[in-house]
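> Here's a sequence, model it:
(chains A, B and C)
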Amino acid sequence: MLPATVRLRRRVVFDAVVRRGQRCGHGPLAVHVSPGMGSTSVGFIVSRAVGNAVTRNRVTRQLRHLMRDRYRSLPPGTGVVVRALPAAAGRRSADLGGSLDRALGRALTRAADRAETSATP
RNA sequence: CGAGUCGGCUGGGCGAUCGCGGGCAUGGCAACAUGAUCGAGGAACGUCCGGGCUCCAGAGGGCAGGGUGGUUGCUAACGGCAACCCGGGGUGACCCGCGGGACAGUGCCACAGAGAACAGACCGCCGGACGGCUUCGGCCGCUCGGUAAGGGUGAAACGGUGGUGUAAGAGACCACCAGCGUCGCGGGUGACCGGGACGGCUAGGUAAACCCCACCCGGAGCAAGGUCGAAAGGGUCUGCACCACCUAGGUGGCGCGACCUGCGCAGGCGUUUUCAGGGCUGCCCGCCCGAGCCUGCGGGUGGACCGCACGAGCCUGCCGGCGACGGCAGGCCCAGAUGGAUGAUCGCCCAUCGGGAUCGCCGUAAGGCACCCAGGGACAGAACCCGGCGUACAGGCCGACUCGUCCG
RNA sequence: GGCCCCGUCGUCUAGAGGCCCAGGACGCCGCCCUCUCAAGGCGGUAGCGCCGGUUCGAAUCCGGUCGGGGCUA
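Numbering: from 1, shown residues only, chains lettered A, B, ... in the order given. Now for the predicted structure:
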């Protein structure tokens, strides 16, 4: 489970990451990545369309455990928001982990490309 | 053994690895670290009722409005629960019932039907007058009356059965039965039950239609509310201190304190005078606040802490009560998040469902046990806290009782 | 978390105890008209979210569920 210091819990930061960050989806997940947030932080969005409270809680818990193994390898100061789509309900953690790796990897490379092009005009 | 009724309990277990939240202890200025410990439910759900708590002025009166509706109790309270009564269902255990009033008044009862609430003559039945026919027995037509026993309509047709009676009939009269009203008697706290006398012969349904009766209900809700901040200002004052001016006393200035309000633009009403406006749910009375208020458009902030977890609390035993429940004694401390902790992954076992194999065991057989394979954990997640109700739920376990059949 | 509101053909709606096996418009389907299409005409298709109750009778009244939507400092 993620330690409290890494959790993203402010409405403003959520909006900033979702609006300014790079978005990539794979399978039942969509990932927003925004570098330069000050400190590395991770947040989750699981809407009511995913299911009732029990299945929503299970999905967020699975995602939190998966991000716990991955947030240390992120570049420092990266803001990440993982959004669960309705298909995420009832998936095994291994499946969600695969989708998360692919979506996160693509979003990170895209964010890095964008930083390079803007840094070397 | 079969069929069934009622009530209660339970809601996968064990292990390994890695984690999260709370308060506590220790160390540390602190961030934090370490340690032991606690960490979802019977419905945490729906938000349908009731209460605690907080604020609205100290929570007022009348009307309006809303709710409840057999009785007696239980309870902090309830629209909940228990026991009983009445009505209905079941052979029975038992189940179901928004179960006050229709002589306080008003409304409605479509269609069908002659007639639907001060009932009603369509057919039929009976009698009279007139006309026609006649085989002189009557028959037909028309008209005036009588008649609610019969037909037919309807959810419902103004007691039922039998008799007397009559031109035909009718509670017109009689007997029994059902039902209504009044007055006694006995039993019960009471709803009501049992039985008696008298009366009139009969009264439709609907109040989850208005309404009447009895009882209950002020409004909002923890995003309540409080402290601090963003954030700076404006106003009032019976307050306090100081200074100045003038005649005892007052006026002005400045600071502190308390309270109210809180940005910009536009429009409207008001600021004199007991008057705009606001609050006490709507109206009236009564009362309070009062120099600002209302409407529209646009913008800012949308943070921290308290409230916040010892409570109508849980467990055990005894006592009272048919029971709901209450009393006493002893013991226990039992989630507290805020983008929201209470878990993730893996292995084994158990309950259970599907399929296979018909080689093992029991059995005449259906089938059961064992074996193999894959699937696989029901409904569902605290958010201020309790008491209920309602709804969802794979299965498993226990107890009491009823009916039927067989054996003794 | 709390407080409210609404459910009628595929869509938007009327209906407020019987006149309604629910009316209208846009749709959809078929036929007529036309050389063909459109327009026009005729006919049809379909609905009271669900389950109980009150009543002789319910889209309407009452209760319970299910679904959708709104507000909050």
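> Report the separation between residue A:50 and residue A:38.
Computed with CB to CB, to the nearest Å, the distance linking residue A:50 and residue A:38 is 30 Å. Quick note: C-beta positions are derived from backbone N, CA and C, even for glycine.
> Among the two, which residue is more densely surrounded?
Higher neighbour count among residue A:50 and residue A:38: residue A:50, with 21 against 9, using other CB atoms under 10 Å.
> Could you list which residues are in contact with the more buried one?
Counting by CB atoms under 8 Å, 6 or more residues apart in numbering, residue A:50 makes contact with A:56, A:59, A:84-86, A:88-89.
> Make sure residue A:83 is actually in contact with residue A:33.
No. Assessed by CB atoms under 8 Å, residue A:83 is found out of contact with residue A:33, at 11.9 Å.
> The two - which one has more neighbours?
Using other CB under 10 Å as the criterion, residue A:83 and residue A:33 rank with residue A:33 on top: 27 against 21.
> Now do the more buried one, the pLDDT please.
Residue A:33 is assigned a pLDDT of 89 by the prediction.
> RNA strand B versus the residue most central in space within chain A, what's the distance?
Centroid-nearest residue in chain A: residue A:82, 2.9 Å away (criterion: CA atoms, centre = their mean). Between residue A:82 and RNA strand B the computed distance is 10 Å (CB to the nearest atom of the strand, to the nearest Å).
> cool, and residue A:27?
Residue A:27 is 15 Å from RNA strand B, by CB to the nearest atom of the strand.
> Name the nearest residue to that residue, sequence neighbours excluded.
residue A:99 (3.7 Å; CB to CB, 6 or more residues apart in numbering).
> if you go through chain A in chain order, where are the helices?
Assigned by DSSP state H, the helices in chain A fall at A:11-20, A:53-68, A:93-119.
> For the longest one, which helices and strands make contact with it?
Contacts defined by 3 or more CB pairs under 8 Å, 6 or more residues apart in numbering; DSSP states H and E place helix A:93-119 against strand A:22-26, strand A:29-34, helix A:53-68.
> any idea which of the ones you listed is most buried?
Ranked by mean neighbour count under mean count of other CB atoms under 10 Å, these are led by strand A:29-34, which reaches a mean of 24.
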